[in-house]
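Asks: Got a sequence here, can you model it:
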Amino acid sequence: MNRFSRRDVLRFGGVGAAGVLLAACGKQAGVEESKNVKAVGVMPEAEGLPNVEVTDIVLLRTAASLEYNAIDTYEAALGLGVFTGAFAAAGEIAKRLRDDHRGHADAINGLITTLGGKPFTCGNPRVNEIYISPALALITDADNENPALDVVVLAHALENLAAQTYQGVVTLLSDKALRKAAMGIGQDEARHAAVLAQALNPGVAGVLPSIDEATGKPRVAAVPAAFGPLTPIPVTVGPVNADGTRSSLILETPSLNSLAYDNVTCA
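Replies: Numbering: from 1, shown residues only. Sure thing, here's the model as predicted:
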């Protein structure tokens, strides 16, 4: 089974991983604390990451966690009761994609079991905390005038996040059969994103990236970028703020502090 150092996985986790490593450094050796700066209370020492290994099982558990993130988000969206009228078709799409993710999660957890690992059967806690929960809070805000549209925008971003994650995982998995399975599921996630992109921005104009002249922001596209780079995914949702803008979140693929290590469990 392949094992990777933190340095090796930086190219999967991107800038977020680098930030984690910097945060874990704590005090610099040989640097004395300044006696001229007064402090209120005692600041605890920065805690670094536990001594863990990034194995094939960890990578697959992380992929499974994102499948459950998607399942839970579609379930929450369907529970809002917003898929009516012009968005009735989006509700049927959401059900189909949710069921696809259930199949993906079962397939990935089957591979984990075969490798002797423990399946991961809930959403990634870190992704829930920093992306999904804040987004759903904005979407369900009483002042939000179009929660149905925002739900589809969030779903599209999560599908792209999953596709990028599998793309990154494929380069790190040690076994050819595992890479093949990850590539197949990653293709499905990309297809999901393309379907939702066409629901949001239909026709030829919604295939390649373009800019909305009214807002100056990129429109949702079926092919958002060239294959290869793992780029941040912007999501703008929620009510209009006092300054006329709406809140934006930036989604990134899991980094070192959000992988589903062996010691990470479902609450």
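Asks: can you tell me how far Gly238 sits from Asp141?
Replies: Applying CB to CB, to the nearest Å, the value for Gly238 to Asp141 is 6 Å. Heads up, the C-betas are built off the backbone N, CA and C, glycines and all.
Asks: Neighbour count for the two, which is higher?
Replies: Neighbours around Gly238 and Asp141, counted as other CB atoms under 10 Å, are more numerous at Gly238. The numbers are 23 against 15.
Asks: right, and the helix or strand after the helix or strand containing the more buried one?
Replies: Taking DSSP states H and E as the criterion, the element that holds Gly238 is strand 233-240. Heading C-terminal from strand 233-240, the first helix or strand you meet, by DSSP H and E, is strand 246-251.
Asks: residues of that following strand that come out buried?
Replies: For strand 246-251, the neighbour count (16 or more other CB atoms under 10 Å) marks 246-247, 249, 251 as buried.
Asks: between these, which is closest to Gly117?
Replies: Lowest distance from Gly117 to the buried residues of strand 246-251 (CB to CB) belongs to Leu251, with 26.1 Å.
Asks: In contact with the residue nearest to the closest one when sequence neighbours are not counted, which residues?
Replies: Among residues not flanking Leu251 along the chain, Ile233 sits closest, at 4.2 Å (CB to CB, 6 or more residues apart in numbering). The neighbours of Ile233, taking CB atoms under 8 Å, 6 or more residues apart in numbering as the test, are 157, 160-161, 164, 224, 250-252.
Asks: again, but for Glu159
Replies: Here Glu159 is in contact with 70, 97, 189-190, 192-193, 196 (CB under 8 Å, 6+ apart).
Asks: try 6 Å this time
Replies: Shown in contact with Glu159 (CB atoms under 6 Å, 6 or more residues apart in numbering): 189, 192-193.
Asks: Any chance of these in JSON lines with distance to Glu145 as columns?
Replies: Listed next are the contacts of Glu159 as JSON lines, based on distance: CB to CB, whole Å:
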{"residue": "Glu189", "distance to Glu145": "30"}
{"residue": "His192", "distance to Glu145": "26"}
{"residue": "Ala193", "distance to Glu145": "25"}
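Asks: Among those, which one sits closest to Gly79?
Replies: Among the contacts of Glu159, His192 lies closest to Gly79 (CB to CB), at 19.7 Å.
Asks: Which elements pack onto the one helix or strand that closest one maps to?
Replies: Using DSSP H and E, His192 sits within helix 176-200. If you count contacts as 3 or more CB pairs under 6 Å, 6 or more residues apart in numbering; DSSP states H and E, helix 176-200 packs onto helix 88-114, helix 147-170.
Asks: how many degrees apart are the first one and helix 176-200 in direction?
Replies: This means helix 88-114. For helix 88-114 against helix 176-200, the angle by axes from the mean of the first three to the mean of the last three CA atoms, to 10 degrees is 170 degrees.
Asks: Apart from its chain neighbours, what residue comes closest to the residue most central in space within the chain?
Replies: The chain has Leu161 as the residue nearest its centroid, 4.6 Å off, counting by CA atoms, centre = their mean. Excluding the flanking residues, the one nearest Leu161 by CB to CB, 6+ apart is Leu251, at 5.1 Å.
Asks: and that neighbour, what does it touch?
Replies: The neighbours of Leu251, taking CB under 6 Å, 6+ apart as the test, are 131, 157, 161, 233.
Asks: Which of these sits closest to Val151?
Replies: Within the contacts of Leu251, proximity to Val151 (CB to CB) peaks at Ala157, which comes in at 10.9 Å.
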